[in-house]
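Chemist: With the sequence up front, the predicted model follows.
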Amino acid sequence: MGRAPCCEKMGLKRGPWTPEEDRVLVAHIERHGHSNWRALPKQAGLLRCGKSCRLRWINYLRPDIKRGNFTREEEDAIIQLHHMLGNRWSAIAARLPGRTDNEIKNVWHTHLKKRLEPKAPTNAAAPKRRAAKKQQPAEVVVLDGPTAVPDQSLSTTTASVAPTDYSAASSSLENADSFSSEEFQIDGSFWSETLAMTVDSSDSSSGMETADDLGVSSSDDMDFWLDLFMQAGGVENYLPQILED
DNA sequence: AAACATATCAACCGCACGCCT
DNA sequence: CAGGCGTGCGGTTGATATGTT
(Lines give C-alpha, C1' and ligand atoms only; values in the text may rest on other atoms or scores of the structure.)
Protein backbone atom coordinates (compact mmCIF):
# COMPACT_ATOMS: atom_id res chain seq x y z
CA MET A 1 0.00 0.00 0.00
CA GLY A 2 2.51 2.50 -1.11
CA ARG A 3 3.81 3.65 2.19
CA ALA A 4 6.48 6.19 2.67
CA PRO A 5 9.97 4.99 3.36
CA CYS A 6 10.77 4.58 7.02
CA CYS A 7 12.87 7.67 7.00
CA GLU A 8 13.71 10.44 4.68
CA LYS A 9 17.21 9.75 3.57
CA MET A 10 17.82 13.46 3.25
CA GLY A 11 20.16 14.68 5.93
CA LEU A 12 19.95 11.58 8.04
CA LYS A 13 23.13 9.92 9.13
CA ARG A 14 23.81 6.29 8.41
CA GLY A 15 26.51 3.83 9.24
CA PRO A 16 28.20 3.10 12.53
CA TRP A 17 27.07 4.92 15.61
CA THR A 18 29.46 7.18 17.44
CA PRO A 19 29.83 7.07 21.23
CA GLU A 20 28.30 10.51 21.35
CA GLU A 21 25.22 9.37 19.47
CA ASP A 22 24.96 6.40 21.77
CA ARG A 23 25.11 8.66 24.76
CA VAL A 24 22.40 10.92 23.42
CA LEU A 25 20.15 8.02 22.59
CA VAL A 26 20.59 6.32 25.93
CA ALA A 27 20.07 9.53 27.83
CA HIS A 28 16.93 10.32 25.92
CA ILE A 29 15.43 6.89 26.36
CA GLU A 30 16.25 6.86 30.05
CA ARG A 31 14.49 10.14 30.43
CA HIS A 32 11.56 9.78 28.08
CA GLY A 33 11.33 6.15 27.13
CA HIS A 34 10.78 5.06 23.57
CA SER A 35 7.08 5.14 23.01
CA ASN A 36 7.48 6.45 19.51
CA TRP A 37 10.59 5.47 17.63
CA ARG A 38 9.73 7.58 14.66
CA ALA A 39 9.58 10.74 16.67
CA LEU A 40 12.42 9.85 18.98
CA PRO A 41 15.42 10.92 16.91
CA LYS A 42 13.94 14.32 16.32
CA GLN A 43 13.14 14.75 19.99
CA ALA A 44 16.57 13.56 20.98
CA GLY A 45 18.30 15.68 18.39
CA LEU A 46 19.75 12.75 16.53
CA LEU A 47 20.21 12.75 12.79
CA ARG A 48 19.08 9.17 12.53
CA CYS A 49 15.87 7.52 11.49
CA GLY A 50 13.73 5.94 14.14
CA LYS A 51 14.41 2.52 12.81
CA SER A 52 18.12 2.98 13.21
CA CYS A 53 17.65 4.24 16.76
CA ARG A 54 15.48 1.32 17.63
CA LEU A 55 17.95 -1.17 16.24
CA ARG A 56 20.82 0.44 18.07
CA TRP A 57 18.95 0.42 21.33
CA ILE A 58 17.59 -3.09 21.00
CA ASN A 59 20.83 -4.64 19.89
CA TYR A 60 23.52 -2.74 21.73
CA LEU A 61 22.45 -0.10 24.18
CA ARG A 62 19.81 -1.81 26.24
CA PRO A 63 21.13 -2.20 29.76
CA ASP A 64 20.25 -5.87 29.94
CA ILE A 65 22.29 -6.86 26.93
CA LYS A 66 24.83 -9.50 27.66
CA ARG A 67 28.01 -8.79 25.77
CA GLY A 68 30.83 -11.09 24.96
CA ASN A 69 31.19 -14.50 23.46
CA PHE A 70 28.43 -16.99 23.57
CA THR A 71 28.96 -19.79 26.01
CA ARG A 72 28.86 -23.33 24.90
CA GLU A 73 25.54 -23.72 26.66
CA GLU A 74 24.10 -20.78 24.82
CA GLU A 75 25.28 -22.06 21.51
CA ASP A 76 23.79 -25.46 22.15
CA ALA A 77 20.59 -23.83 23.21
CA ILE A 78 20.45 -21.88 20.01
CA ILE A 79 20.95 -25.01 18.00
CA GLN A 80 18.20 -26.76 19.85
CA LEU A 81 15.83 -23.84 19.65
CA HIS A 82 16.54 -23.51 15.99
CA HIS A 83 15.48 -27.10 15.59
CA MET A 84 12.21 -26.24 17.22
CA LEU A 85 11.54 -22.78 15.89
CA GLY A 86 13.38 -22.43 12.64
CA ASN A 87 14.71 -19.04 11.69
CA ARG A 88 12.56 -17.23 14.20
CA TRP A 89 15.45 -15.36 15.70
CA SER A 90 13.38 -13.12 17.86
CA ALA A 91 11.65 -16.10 19.40
CA ILE A 92 14.97 -17.75 20.01
CA ALA A 93 16.37 -14.55 21.46
CA ALA A 94 13.43 -14.31 23.81
CA ARG A 95 14.51 -17.58 25.34
CA LEU A 96 18.10 -16.46 25.77
CA PRO A 97 18.09 -13.59 28.22
CA GLY A 98 20.50 -10.85 27.32
CA ARG A 99 20.97 -11.95 23.75
CA THR A 100 19.49 -10.25 20.73
CA ASP A 101 17.97 -11.68 17.63
CA ASN A 102 20.59 -10.01 15.49
CA GLU A 103 23.40 -11.41 17.55
CA ILE A 104 21.93 -14.88 17.51
CA LYS A 105 21.38 -14.70 13.81
CA ASN A 106 25.00 -13.72 13.30
CA VAL A 107 26.27 -16.48 15.53
CA TRP A 108 24.10 -18.97 13.75
CA HIS A 109 25.36 -18.03 10.34
CA THR A 110 28.99 -17.70 11.32
CA HIS A 111 29.45 -20.57 13.76
CA LEU A 112 26.59 -22.83 14.47
CA LYS A 113 25.45 -23.60 10.97
CA LYS A 114 28.92 -24.89 10.24
CA ARG A 115 28.80 -27.16 13.22
CA LEU A 116 25.71 -28.81 11.92
CA GLU A 117 26.87 -29.18 8.39
CA PRO A 118 27.86 -32.70 7.55
CA LYS A 119 31.58 -33.18 7.64
CA ALA A 120 33.07 -31.52 4.62
CA PRO A 121 33.93 -33.96 1.91
CA THR A 122 37.62 -34.61 1.73
CA ASN A 123 37.33 -33.52 -1.83
CA ALA A 124 40.26 -31.17 -2.19
CA ALA A 125 38.47 -28.83 -4.52
CA ALA A 126 35.83 -27.88 -2.02
CA PRO A 127 37.27 -25.96 0.91
CA LYS A 128 38.96 -22.68 0.52
CA ARG A 129 42.05 -22.49 2.58
CA ARG A 130 40.91 -20.25 5.38
CA ALA A 131 37.68 -22.07 5.84
CA ALA A 132 39.39 -25.38 6.26
CA LYS A 133 41.70 -24.00 8.88
CA LYS A 134 39.08 -22.07 10.75
CA GLN A 135 36.68 -24.92 11.15
CA GLN A 136 39.10 -27.06 13.04
CA PRO A 137 38.90 -25.24 16.35
CA ALA A 138 35.16 -25.49 16.22
CA GLU A 139 35.74 -29.03 17.34
CA VAL A 140 32.29 -29.31 18.76
CA VAL A 141 29.03 -30.78 17.68
CA VAL A 142 29.68 -32.43 14.41
CA LEU A 143 26.74 -34.60 13.81
CA ASP A 144 27.44 -38.00 12.51
CA GLY A 145 26.68 -39.13 9.04
CA PRO A 146 23.10 -40.14 8.35
CA THR A 147 21.71 -38.75 11.56
CA ALA A 148 23.01 -35.33 10.83
CA VAL A 149 20.53 -32.52 10.94
CA PRO A 150 18.43 -32.53 7.84
CA ASP A 151 18.77 -29.59 5.58
CA GLN A 152 15.25 -28.57 6.29
CA SER A 153 16.31 -27.25 9.62
CA LEU A 154 18.97 -25.19 7.98
CA SER A 155 16.70 -23.77 5.39
CA THR A 156 16.69 -20.05 5.16
CA THR A 157 12.96 -20.05 5.02
CA THR A 158 10.91 -20.01 8.14
CA ALA A 159 8.60 -22.48 6.51
CA SER A 160 11.04 -25.21 7.32
CA VAL A 161 9.28 -25.92 10.56
CA ALA A 162 5.95 -24.45 9.86
CA PRO A 163 3.29 -25.13 12.44
CA THR A 164 1.41 -27.24 9.99
CA ASP A 165 4.40 -29.36 9.24
CA TYR A 166 4.26 -31.57 12.24
CA SER A 167 6.28 -34.36 10.79
CA ALA A 168 9.15 -32.11 9.93
CA ALA A 169 9.21 -30.61 13.37
CA SER A 170 8.88 -33.98 15.00
CA SER A 171 11.76 -35.35 13.07
CA SER A 172 13.77 -32.37 14.13
CA LEU A 173 13.06 -33.22 17.71
CA GLU A 174 13.88 -36.81 17.16
CA ASN A 175 17.14 -35.78 15.68
CA ALA A 176 18.02 -34.26 18.98
CA ASP A 177 19.00 -37.79 19.88
CA SER A 178 21.87 -37.46 17.54
CA PHE A 179 23.53 -35.18 20.03
CA SER A 180 25.70 -37.20 22.28
CA SER A 181 25.51 -36.39 25.94
CA GLU A 182 29.04 -35.15 25.77
CA GLU A 183 28.37 -32.85 22.89
CA PHE A 184 25.13 -31.53 24.15
CA GLN A 185 25.27 -30.28 27.66
CA ILE A 186 22.85 -27.67 28.74
CA ASP A 187 22.20 -26.61 32.22
CA GLY A 188 19.07 -28.35 33.38
CA SER A 189 17.52 -25.22 34.71
CA PHE A 190 17.78 -23.66 31.32
CA TRP A 191 15.62 -26.27 29.70
CA SER A 192 13.15 -26.56 32.47
CA GLU A 193 12.67 -22.84 32.24
CA THR A 194 12.63 -22.74 28.50
CA LEU A 195 10.22 -25.57 28.04
CA ALA A 196 8.06 -24.57 30.90
CA MET A 197 7.84 -21.17 29.34
CA THR A 198 6.66 -22.74 26.15
CA VAL A 199 3.97 -24.70 27.91
CA ASP A 200 2.84 -22.21 30.48
CA SER A 201 2.45 -19.02 28.55
CA SER A 202 0.13 -17.54 31.12
CA ASP A 203 2.78 -17.14 33.73
CA SER A 204 3.63 -13.51 33.39
CA SER A 205 5.20 -13.29 36.78
CA SER A 206 8.34 -15.03 35.73
CA GLY A 207 9.74 -12.01 34.02
CA MET A 208 10.27 -14.08 30.95
CA GLU A 209 8.45 -13.31 27.78
CA THR A 210 5.21 -15.07 27.24
CA ALA A 211 4.26 -16.87 24.11
CA ASP A 212 2.45 -13.79 22.93
CA ASP A 213 5.57 -11.78 23.41
CA LEU A 214 7.38 -14.30 21.33
CA GLY A 215 4.99 -13.85 18.50
CA VAL A 216 3.54 -17.27 19.05
CA SER A 217 -0.15 -17.41 18.77
CA SER A 218 -1.31 -19.07 21.92
CA SER A 219 -4.28 -20.67 20.24
CA ASP A 220 -2.53 -22.55 17.50
CA ASP A 221 1.22 -22.48 17.68
CA MET A 222 1.28 -23.05 21.38
CA ASP A 223 -1.00 -26.01 21.00
CA PHE A 224 1.29 -27.28 18.36
CA TRP A 225 4.37 -27.01 20.52
CA LEU A 226 2.61 -28.40 23.54
CA ASP A 227 1.40 -31.33 21.55
CA LEU A 228 4.80 -31.83 20.07
CA PHE A 229 6.42 -31.62 23.44
CA MET A 230 4.07 -34.17 24.89
CA GLN A 231 4.64 -36.46 21.94
CA ALA A 232 8.32 -36.26 22.64
CA GLY A 233 7.61 -37.43 26.15
CA GLY A 234 8.42 -34.20 27.90
CA VAL A 235 11.71 -33.10 29.24
CA GLU A 236 12.39 -36.37 30.98
CA ASN A 237 12.43 -38.41 27.80
CA TYR A 238 13.69 -35.72 25.57
CA LEU A 239 16.84 -34.73 27.31
CA PRO A 240 17.33 -37.24 30.09
CA GLN A 241 20.88 -36.30 30.77
CA ILE A 242 19.81 -32.85 31.75
CA LEU A 243 17.88 -34.18 34.70
CA GLU A 244 20.86 -36.05 35.90
CA ASP A 245 22.63 -32.79 36.61
C1' DA B 1 55.79 -7.13 5.12
C1' DA B 2 52.36 -7.19 1.70
C1' DA B 3 48.59 -9.01 -0.65
C1' DC B 4 44.90 -11.68 -0.54
C1' DA B 5 41.15 -14.60 1.42
C1' DT B 6 37.95 -15.35 4.79
C1' DA B 7 35.37 -14.50 9.11
C1' DT B 8 32.81 -11.54 11.87
C1' DC B 9 29.37 -8.41 13.14
C1' DA B 10 26.98 -3.91 13.04
C1' DA B 11 23.73 -1.88 10.37
C1' DC B 12 20.45 -1.44 6.59
C1' DC B 13 16.47 -2.85 3.73
C1' DG B 14 12.06 -4.33 2.64
C1' DC B 15 8.12 -6.73 4.00
C1' DA B 16 4.36 -8.11 7.07
C1' DC B 17 1.54 -7.36 10.81
C1' DG B 18 -1.38 -4.99 14.03
C1' DC B 19 -3.44 -0.84 15.59
C1' DC B 20 -5.89 3.27 14.75
C1' DT B 21 -8.84 6.44 12.32
C1' DC C 1 -13.90 -1.74 5.69
C1' DA C 2 -10.00 0.48 3.72
C1' DG C 3 -6.02 2.81 4.19
C1' DG C 4 -2.25 5.05 6.86
C1' DC C 5 1.15 4.50 10.23
C1' DG C 6 4.46 2.54 13.46
C1' DT C 7 6.86 -1.37 14.79
C1' DG C 8 9.14 -5.77 14.56
C1' DC C 9 11.26 -9.31 12.01
C1' DG C 10 14.33 -11.84 8.94
C1' DG C 11 17.51 -11.52 5.14
C1' DT C 12 21.31 -9.24 3.34
C1' DT C 13 25.15 -6.12 2.88
C1' DG C 14 29.40 -3.82 3.74
C1' DA C 15 33.21 -2.48 6.64
C1' DT C 16 36.61 -4.17 9.46
C1' DA C 17 39.43 -7.70 11.65
C1' DT C 18 42.08 -11.62 11.32
C1' DG C 19 44.52 -15.41 9.29
C1' DT C 20 47.23 -17.41 5.44
C1' DT C 21 50.47 -17.54 1.82
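Modeler: Arrived safely, thanks for sending.

Chemist: tally of neighbours for the residue nearest to A:F70 when sequence neighbours are not counted?
Modeler: In space, and not counting its chain neighbours, A:F70 is closest to A:V107: 5.6 Å by C-beta to C-beta, 6 or more residues apart in numbering. All C-beta atoms are positioned from the backbone trio N, CA, C, and that covers glycine. Applying other C-beta atoms under 10 Å, we find 17 residues neighbouring A:V107.

Chemist: got it, and the one 5 residues further on?
Modeler: Close neighbours of A:L112, defined as other C-beta under 10 Å, add up to 21.

Chemist: element containing the residue nearest to A:F70?
Modeler: Assigned by DSSP states H and E, A:V107 belongs to helix A:101-107.

Chemist: Can you list the helices and strands that that helix packs against?
Modeler: When contacts are defined as 3 or more C-beta pairs under 8 Å, 6 or more residues apart in numbering; DSSP states H and E, helix A:101-107 packs onto helix A:72-85, helix A:89-94.

Chemist: Okay, buried residues for it please.
Modeler: Neighbour counts over helix A:101-107 (16 or more other C-beta atoms under 10 Å) mark A:101, A:103-105, A:107 as buried.

Chemist: Near DNA strand C, list only the ones from the residues you listed.
Modeler: A:101, A:105 (C-beta under 7 Å from any atom of the strand).

Chemist: which one among the buried residues of helix A:101-107 gets closest to A:I58?
Modeler: A:D101 (8.3 Å; C-beta to C-beta).

Chemist: What pLDDT does the model give A:L55?
Modeler: Looking at A:L55, its pLDDT reads 91.

Chemist: give the contact list for the closest residue to it other than its chain neighbours.
Modeler: Spatial nearest neighbour of A:L55, excluding adjacent residues (C-beta to C-beta, 6+ apart): A:N102 at 7.7 Å. Taking C-beta atoms under 8 Å, 6 or more residues apart in numbering, we find A:N102 in contact with A:55, A:58-59, A:89.

Chemist: What of A:T100?
Modeler: A:58-59, A:65, A:93.

Chemist: For burial, what's the neighbour tally of A:H34?
Modeler: By other C-beta under 10 Å, neighbour count at A:H34 equals 16.

Chemist: Phi first, then psi, for it.
Modeler: phi -140, psi 60 (degrees, to the nearest 10).

Chemist: what's the answer for A:P19, then?
Modeler: phi -60, psi -40.

Chemist: Verify the stated contact: A:R38 with A:C53.
Modeler: No: here A:R38 does not reach A:C53: they are 9.3 Å apart, not a contact under C-beta atoms under 8 Å.

Chemist: so A:L85 makes contact with A:A91?
Modeler: Yes: A:L85 is within contact range of A:A91, at 5.0 Å (criterion: C-beta under 8 Å).

Chemist: out of these two, which sits in the more crowded spot?
Modeler: A:L85 (24 against 21).

Chemist: what's the distance between the more buried one and A:A94?
Modeler: 10 Å (C-beta to C-beta, to the nearest Å).

Chemist: Low-confidence bits of chain A, can you list those?
Modeler: Counting by pLDDT under 70, chain A shows low-confidence ranges at A:1-10, A:117-245.

Chemist: Who has more neighbours out of A:R38 and A:C53?
Modeler: A:C53 (25 against 13).

Chemist: measure the more buried one to A:P16 for me?
Modeler: Separation of A:C53 from A:P16 (C-beta to C-beta) stands at 14 Å.

Chemist: Same question for A:Q80.
Modeler: Counting by C-beta to C-beta, the gap from A:Q80 to A:P16 is 33 Å.

Chemist: quick one: which of the two has more around it?
Modeler: Between A:Q80 and A:P16, counting by other C-beta under 10 Å, A:Q80 is the more crowded of the two (23 against 7).

Chemist: All set, thanks.
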